[in-house]
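J.: give me a model of this one.
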Amino acid sequence: MSGFPWAAFAVNLGVAAGAALAVMLATFALALVKGVHRIVDSAWGLAFAAVAVASCALAGSEAHGDPGRRALVTALTVVWGLRLSVHIAWRGRGRGEDPRYERLLAKAGPGRGRRDGYALRMVYLLQAGLVWLVSLPVQAACYAPRAIGPLAVAGALVWAAGFGFEAVGDRQLRVFKADPANRGAIMDRGLWAWTRHPNYFGDFLVWWGLYLLACTSLPVAAATLVAPLVMTFLLTAGSGKALLERHLADRPGYAAYRARTSGFLPRPPRG
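T.: Prediction:
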């Protein structure tokens, strides 16, 4: 139990890839039946939960890793993934295709078969690969032999702060949008007065917290560092903050909101 079981972990990488792929392929099949690909957003969190459960089960069956750390990282990942999936599914109920996917699938040309094949490659398989990559700390933590120590406790606290920030921010926005008086208005209250993207900032903390849970040695920390870095890029410059702000740029009042509110890291609003 003194060293990290790299050979067993390598096998788990394949199992984790299979779990992520299974969730995405099942979601693709459901999308074909429903005729909309936006449901893949709900599968994002489920795929992470599936990877965590598969890694935990495999490591446990082979008696690899510390049971306490394995249970903790699995529970945290599943709780985060299920909450996110339920939230996105509830938010998108009854709606048609997401404009993001309409623009993406337009690149495939005419014909549903071509569009669906393009979606499989550029959305579902790509997201399965990203889930596998970003979940590397979760997979590694399931195999980490050391008992929970100060760094793991710090990771759990960072995760808790991020989970709370994300969940509260999502609830505040949901309540705001449910009020007809706020139709067309910019949400600038609560956590949204401190950062324009409390949900993305929460995700940022969640995945750096999970990374800390995997940092039982320098080699493991170095091998999984790519995961929170990739997630940070996605949240700030990829499909998260940057994409959403391009969509909101022309909305009345958004320029003023942007001028007084932090773009990512929370701080008191200007003015």
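J.: hey, let's count contacts and neighbours off CA atoms from now on
T.: Will do.
J.: buried sites along stretch 79-93?
T.: Of the residues in stretch 79-93, those buried under the neighbour-count criterion (16 or more other CA atoms under 10 Å) are 80-85, 87-89, 92.
J.: after the helix or strand containing R103 comes which helix or strand?
T.: Taking DSSP states H and E as the definition, one finds R103 inside helix 99-106. On the C-terminal side of helix 99-106, the nearest following helix or strand under DSSP H and E is helix 112-119.
J.: against which helices or strands is that following helix packed?
T.: When contacts are defined as 3 or more CA pairs under 8 Å, 6 or more residues apart in numbering; DSSP states H and E, helix 112-119 packs onto helix 99-106.
J.: now what about the helix it packs on, what contacts it?
T.: Under the contact criterion CA atoms under 8 Å, 6 or more residues apart in numbering, helix 99-106 has outside partners 37-38, 115, 118-119.
J.: quick check: angle from that helix to helix 112-119?
T.: Interaxial angle, helix 99-106 versus helix 112-119 (axes from the mean of the first three to the mean of the last three CA atoms, to 10 degrees): 110 degrees.
J.: buried ones in helix 99-106?
T.: When burial is assessed from 16+ other CA under 10 Å, helix 99-106 yields the following buried residues: L105.
J.: switch to numbering from 118
T.: With 118 as the first residue, the last one maps to helix 216-223.
J.: could you chop this protein up by domain?
T.: Each domain of the chain is listed here as a residue range: 118-262, 266-388, per automatic domain parsing.
J.: avg pLDDT for the last one?
T.: It stands for domain 266-388. Averaged across domain 266-388, the pLDDT comes to 94.
J.: what's the answer for stretch 203-215, then?
T.: 89.
J.: just the endpoints, please. Distance across it?
T.: End-to-end distance of stretch 203-215: 17 Å, with CA to CA, to the nearest Å as the criterion.
J.: go on, stretch 173-192?
T.: Looking at stretch 173-192, the gap from its leading to its trailing residue is 10 Å under the measure CA to CA.
J.: how about residues contacting that stretch?
T.: 118, 122, 129, 166, 169-170, 255-256, 258-265, 269, 327, 330.
J.: filter those residues to the buried ones?
T.: Applying 16+ other CA under 10 Å to these, the neighbour count classes 122, 129, 166, 169-170, 255-256, 258-263, 265, 269, 327, 330 as buried.
J.: gap between stretch 255-265 and the chain center?
T.: 20 Å (CA atoms, centre = their mean, to the nearest Å).
J.: now swap in stretch 275-287 and tell me
T.: The chain centroid and the centroid of stretch 275-287 are separated by 12 Å under CA atoms, centre = their mean.
J.: and stretch 284-304, by the same measure?
T.: 22 Å.
J.: which stretch of helix or strand covers the spatially closest residue to C259 that is not a sequence neighbour?
T.: Distances taken as CA to CA, 6 or more residues apart in numbering put R187 closest to C259, at 4.3 Å, once the chain neighbours are dropped. Applying DSSP H and E as the criterion places R187 in helix 184-208.
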